[in-house]
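Peer 1: Below are the sequence and a predicted model; questions follow.
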Amino acid sequence: MHDVEPAVRLNAALEADSVQTEVVSPMDDLPGTAARVKPDVMVVTGALLDTTVESVVRSQLWRGTSTIGLADSADDRQRDRARIAGYVEVLAKPVPVDELVAVVKHALDRRRLQEETGLIGESSALREVLVKIEQMAPVSSTVLIEGESGSGKELVARALHRLSSRRNKPFIAVNVGALPETLLESELFGHEKGAFTGAAERRIGRFELADTGTLFLDEIGEVPLATQVKLLRALEEREFQRLGGTQDISVDVRVIAATNRPLREQMEQGTFRSDLFYRLNVLSIYLPPLRERPEDVPHLVRRFIEEYSRQHDRPFHGVSQPSMQLLMDYSWPGNVRELRNLVESMVVLSPGREIMPEDLPSQIHAGGAGRFLPVHVGAARGQAAAGEGREVEFILRSILELRLQVEELRRKFDETMAGVSDGAFIGEVLPSGVRGGEAGTGIGADGGGIPARRIAGGISPRDVAPAPNVVVVEPGTRMADVERRVIAAALKETRGNRRRAAAMLGIGERTLYRKIKEYRLPEDGYLEA
């Protein structure tokens, strides 16, 4: 605590509220105290970006500690820098004691809830989800959870159950999308002996197994229309009949359903009953994809590293800040599941040092196709239409990915050319006859095809010679030729050092090696680019 006065007042208020605290002054050993106490929440009352303090904040993030900072001013830039450093809340002093106590207690409640649910993060979107879970858990109303695959919908369902009065009762999860249509009704409601060929004995369904507890129906949008009718009756009447049976069976079950497909669109297409939708949608939770809450990525990465380092008994030396920024910028089309798998591979294949940008897969550098919104192609009924829809979706995704790769290549090209010495100029591809900004008259044969951008003030492009390692791309050049020339130029610039060339191009070393073989380039790059 660099500002003792607010620290003392906060400490007294928290202790009066039975919260265990410890005050650390600037003269004390902050890193040692933090390691010994293992706090759930830290409050830093001054010098938020002090080197020692920032180091402790980062180290505590690895174990899930939430840090609140009291800034000396309301400067937005300082607040942003503090958030990047790992603070979850930054408040401008002076802060009323009762307000600060409320913020600390909310942080403690979030920490407890995150530990209980496994929903890790500090983004406003995730906080909203956690608040809804707390509000909805005590009641028995049906809940519909919407979110993309891999975003953690089952964690939300288990959290609702764990925080409810049914916590000591069964929690039965069913992925209805993974069950064949012919078996789904039997799985849900059970069957009597002889109900169909192969029914050698009575089977208890999932509704009965979940009696007095919670039934989680994942991918509810995959339920066929015929079964939707029986499911609706079971939800409304809380009773059903086994397949092949005649006796009504009553159950006390809370149903939580989840979907990664927009059910309202399915209603419009006639593939999902509107009465069932409104019966399921009594309470609803939207779980945002990871690309909509990138600030949660560092928290998830640290939690997964801790988990897999312990599981695989592998020491891990951390993730560098540039690498973490790349992970935050990536779109994560596979959401939390994709991030979890990547972290496990990083732990298992750890290079024995901090993870650097060149250690990350090439798709992380490219940003992933998810920079664009996901493409959803609605299909009419029938297998043929569904197949066509998938084909169209594949084509659209491929086009978006190709466009992203072209943009990334041009960005890397511009970054590489930015290092040219004073007095040089950079070629930009523009349609013939079009000039760019302050580009001068150009160097193309017609004086307009490739304008020159001025770098050194007062020097005309006509007065200087082109840099010796500049790639000139003319309109109409094939993308393969563009890539070949840029790779050759990067190899030439680095005198054949593949690691440096790969870093310059923003791709993995293996990818570069494959491209060298594909384009039959000499490894030293001394080929006309």
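Peer 2: Looks like it came in fine.

Peer 1: remind me which residues of the chain are low pLDDT?
Peer 2: For the chain, applying pLDDT under 70 flags the ranges 1-4, 26-29, 60-64, 74, 84, 367-469, 523-529.

Peer 1: Give the burial count for E306, as a bare number.
Peer 2: 16 (other Cβ atoms under 10 Å). The C-beta positions use only the backbone N, C-alpha and C, and glycine is treated the same way.

Peer 1: middle-most residue in the chain, spatially?
Peer 2: L290 (2.6 Å; Cα atoms, centre = their mean).

Peer 1: dump the residue contacts of that one.
Peer 2: 151, 296-297, 300, 332, 335-336, 339 (Cβ atoms under 8 Å, 6 or more residues apart in numbering).

Peer 1: Farthest-apart pair in the residues you listed, please.
Peer 2: S151 and V297 (13.3 Å; Cβ to Cβ).

Peer 1: before we move on, the earlier item: so what's the residue nearest to the centre of the chain closest to, chain neighbours aside?
Peer 2: W332 (4.1 Å; Cβ to Cβ, 6 or more residues apart in numbering).

Peer 1: Quickly note the distance from that neighbour to V301.
Peer 2: Distance, W332 to V301, using Cβ to Cβ, to the nearest Å: 11 Å.

Peer 1: quick revisit: more neighbours: which of S151 and V297?
Peer 2: Neighbour count, other Cβ under 10 Å: between S151 and V297, S151 has more, with 25 against 22.

Peer 1: Give the helix, strand or coil label for that one.
Peer 2: coil (DSSP: H, G, I helix; E, B strand; the rest coil).

Peer 1: pretty sure it contacts W332?
Peer 2: No. Assessed by Cβ atoms under 8 Å, S151 is found out of contact with W332, at 9.5 Å.

Peer 1: what residues are shared contacts of these two?
Peer 2: What both S151 and W332 touch, as defined by Cβ under 8 Å, 6+ apart, is the set 289-290.

Peer 1: So which elements touch the strand or helix carrying V53?
Peer 2: If you go by DSSP states H and E, V53 is part of helix 51-61. Packed against helix 51-61 by the contact rule (3 or more Cβ pairs under 8 Å, 6 or more residues apart in numbering; DSSP states H and E) you find helix 30-37, strand 41-44, strand 66-71, helix 76-85, helix 297-312.

Peer 1: ok, F207 - how many residues close by?
Peer 2: 25.

Peer 1: Can you give the contact residues for stretch 114-122?
Peer 2: 64, 66, 88, 110, 113, 126, 129-130, 133, 152, 155-156, 158-159, 162-163, 293, 295-296, 299-300, 303.

Peer 1: Pick out whichever of the contacts of L290 sits closest to V471.
Peer 2: Checking the contacts of L290 one by one against V471 (Cβ to Cβ), the nearest turns out to be W332, at 32.4 Å.

Peer 1: does that closest one sit in a helix or strand, and which one?
Peer 2: Counting by DSSP H and E, W332 is part of no helix or strand.

Peer 1: and it, how far is that from L119?
Peer 2: Applying Cβ to Cβ to W332 and L119 gives a distance of 16 Å.

Peer 1: ditto for V176
Peer 2: Applying Cβ to Cβ, the value for V176 to L119 is 23 Å.

Peer 1: Need the residues touching each of W332 and V301.
Peer 2: Counting by Cβ under 8 Å, 6+ apart, the residues touching both W332 and V301 are L339.

Peer 1: Among W332 and L119, which residue is more densely surrounded?
Peer 2: Taking neighbours as other Cβ under 10 Å, W332 and L119 compare with W332 leading, 26 against 23.

Peer 1: Report the separation between that one and Q114.
Peer 2: From W332 to Q114 the distance is 19 Å (Cβ to Cβ).

Peer 1: Equivalent analysis for P31, please.
Peer 2: 24 Å.

Peer 1: which one of these two has more residues nearby?
Peer 2: Comparing P31 with Q114 by neighbour count (other Cβ under 10 Å), the higher total belongs to Q114, at 20 against 15.

Peer 1: Doesn't the more buried one lie inside a strand?
Peer 2: No. Using three-state DSSP, the assignment for Q114 is helix, not a strand.

Peer 1: S18 versus that one, what's the distance?
Peer 2: From Q114 across to S18, the span is 21 Å (Cβ to Cβ).

Peer 1: Please identify the nearest residue in space to E22, excluding sequence neighbours.
Peer 2: V37 is the one closest to E22 (Cβ to Cβ, 6+ apart), at 5.6 Å.

Peer 1: Could you break the protein into its assigned domains?
Peer 2: Each domain of the chain is listed here as a residue range: 4-117, 126-286, 291-360, 404-518, per automatic domain parsing.

Peer 1: Relative to A366, which of the ones you listed is closest?
Peer 2: Closest among those, once you apply Cβ to Cβ, is domain 404-518, at 5.3 Å.

Peer 1: ok, K492 to E518 distance?
Peer 2: Counting by Cβ to Cβ, the gap from K492 to E518 is 18 Å.

Peer 1: Correct me if wrong: R499 contacts I507.
Peer 2: No. If you go by Cβ under 8 Å, R499 and I507 don't touch, sitting 11.3 Å apart.

Peer 1: quick one: which of those two has more around it?
Peer 2: Between R499 and I507, counted using other Cβ under 10 Å, I507 has the larger neighbour count: 23 against 11.

Peer 1: give me every residue that touches the more buried one.
Peer 2: If you count contacts by Cβ under 8 Å, 6+ apart, I507 has them with 362, 365, 515.

Peer 1: how about the helix or strand in which V229 is found as CSV, C-alpha atoms only?
Peer 2: Here V229 sits within helix 225-237, counting by DSSP H and E. Output of helix 225-237 as CSV, limited to C-alpha atoms (Å, rounded to 0.1, in the frame of the first residue of the first chain):
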residue,chain,number,x,y,z
LEU,A,225,-40.6,-32.6,-34.3
ALA,A,226,-42.3,-35.8,-33.3
THR,A,227,-40.3,-35.9,-30.0
GLN,A,228,-40.8,-32.2,-29.5
VAL,A,229,-44.5,-32.8,-28.9
LYS,A,230,-43.8,-35.4,-26.1
LEU,A,231,-41.1,-33.2,-24.6
LEU,A,232,-43.6,-30.3,-24.4
ARG,A,233,-46.1,-32.4,-22.6
ALA,A,234,-43.5,-33.6,-20.1
LEU,A,235,-42.4,-30.0,-19.4
GLU,A,236,-45.9,-28.7,-18.9
GLU,A,237,-47.5,-31.6,-17.1
